[in-house]
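Trainee: whatever this is, show me its structure:
(one chain, ligands or ions: 1)
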Amino acid sequence: MRRKLVAGNWKMHGLQADLAQLTALNATHPAPAIDILICPPATLITAACATCEGSAMQIGGQDCHARASGAFTGDLSALMLKDAGASAVIVGHSERREAHEESSEIVRAKAKAAHAAGLTAIICLGESLAQREAANTLDIIAGQLSLSVPDSAAAANTVIAYEPCWAIGSGLTPSPEQIGEVHDFIRARLTTRFGAAQADGMRLLYGGSVKPGNAAEIFAIPDVDGALVGGASLKADDFSPIINALESAA
Ligand code: PEP
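Mentor: Below you'll find the model as predicted:
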């Protein structure tokens with residue numbers, strides 16, 4: 001059985017005062033039946049780890065460089081995130097693919113670096129609205145999956161997040177059938193490449209406008225092992241019902 005996972009992506013939101021949201025979540029969910037991960041801005045990772053010390057909540061990064069160190073002003077390596085206390089890192093988020101022109105080859109190198117540093121890589125994939133409307137979704141997912149996931153991927157170090165670009169921050173979500181189709185497709189491709197033993201253990205998250213009001217419906221879809229949540233992860237009052245919904249589905 002795969003343990004369910006809900007991950008919060010705070011993006012470029014969060015100051016020291018917002019660590020109070022983690023304190024509130026830890027108080028409400030002292031012994032969760034699922035894994036909970038918060039990915040705050042890198043400036044808050046160490047403080048977030050201190051806030052969550054002794055709790056089940058884990059802390060992750062939102063991106064990393066593909067190299068372990070070097071002359072890359074402003075970048076952070078996976079090793080640095082690990083050193084700061086992170087246990088995971090998101091790579092290939094559509095906002096990075098679009099705004100920073102990150103190719104799937106770059107995403108693969110970042111995921112490989114995450115593995116080498118001992119971090120779980122949460123590798124994001126997803127089609128644009130134009131690609132969905134042109135009925136190209138599965139082709140796009142197939143290409144991103146094969147190019148973005150490194151050979152070092154295994155059940156213990158890799159999570160795949162299916163995040164349709166058009167659903168992120170828009171309030172729109174695919175139908176349960178559309179989410180289920182893509183998740184089943186991803187699982188089948190992972191099985192072909194890594195074998196059933198590894199592929200069956202890799203968690204597949206859905207991401208894109210998950211809210212307290214739609215979480216239960218999304219978590220009822222077979223092969224959805226949890227969610228990557230943006231906006232609704234910023235406040236404990238919004239994230240907590242999503243945690244409850246996933247626990248009920250576990
Ligand atoms: C995200 O940024 O990964 C995301 C899913 O955002 P939102 O939940 O706000 O759509």
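Trainee: any idea how far the closest residue to Ser128 other than its chain neighbours lies from Ala130?
Mentor: Using CB to CB, 6 or more residues apart in numbering and skipping residues adjacent in sequence, the residue nearest Ser128 is Cys165, 4.9 Å away. Using the backbone N, CA and C atoms, a C-beta is placed for each residue, glycine as well. Here the distance between Cys165 and Ala130 works out to 10 Å (CB to CB, to the nearest Å).
Trainee: so for the two, which sits in the more crowded spot?
Mentor: Using other CB atoms under 10 Å as the criterion, Cys165 and Ala130 rank with Cys165 on top: 22 against 10.
Trainee: what pLDDT does the more buried one get?
Mentor: At Cys165, the model reports a pLDDT of 98.
Trainee: quick one: contacts for it?
Mentor: Contacts for Cys165 (CB atoms under 8 Å, 6 or more residues apart in numbering) come out as Ser94, Glu98, Gly126, Glu127, Ser128, Leu129.
Trainee: now do 6 Å
Mentor: The contact partners of Cys165, by CB atoms under 6 Å, 6 or more residues apart in numbering, come to Ser94, Gly126, Ser128.
Trainee: find the nearest non-adjacent residue to the first one, please.
Mentor: Going back to what we said before, that points to Ser94. Excluding its sequence neighbours, the residue lying closest to Ser94 (CB to CB, 6+ apart) is Cys165, at 4.5 Å.
Trainee: how far away is Met80 from Ala114?
Mentor: 12 Å.
Trainee: neighbour count for those two, which is higher?
Mentor: Each of Met80 and Ala114 has its neighbours counted (other CB under 10 Å); Ala114 has more, 32 against 18.
Trainee: I'd like the distance between that one and the ligand.
Mentor: 17 Å (CB to the nearest ligand atom, to the nearest Å).
Trainee: how about Glu217?
Mentor: The separation that Glu217 has from the ligand, given CB to the nearest ligand atom, amounts to 15 Å.
Trainee: which ones are touching the residue of the chain found nearest the ligand?
Mentor: Closest residue of the chain to the ligand, CB to the nearest ligand atom: Gly230 (2.2 Å). By CB under 6 Å, 6+ apart, the contact list for Gly230 reads Asn9.
Trainee: try 8 Å this time
Mentor: Applying CB under 8 Å, 6+ apart to Gly230 gives the contacts Gly8, Asn9, Lys11, Ile168, Gly169, Gly207.
Trainee: wait, isn't the second one in contact with Glu95?
Mentor: No: between Asn9 and Glu95 there is no contact under CB atoms under 8 Å: 9.3 Å.
Trainee: looking at those two now, which is surrounded by more residues?
Mentor: Shown here are Asn9 and Glu95; by other CB under 10 Å, Asn9 has more neighbours (26 against 19).
Trainee: who does that one form a beta bridge with?
Mentor: When assigned by DSSP bridges, Asn9 has beta-bridge partners Cys39.
Trainee: do you know the pLDDT at the residue located most distally from the centre of the chain?
Mentor: Taking CA atoms, centre = their mean, the residue of the chain most remote from its mean C-alpha position is Ala71, at 27.8 Å. pLDDT recorded at Ala71 is 98.
Trainee: for the closest residue to Val224 other than its chain neighbours, name its beta-bridge partners.
Mentor: Excluding its sequence neighbours, the residue lying closest to Val224 (CB to CB, 6+ apart) is Tyr206, at 5.2 Å. Tyr206 has the following beta-bridge partners by DSSP bridges: Tyr162, Ala227.
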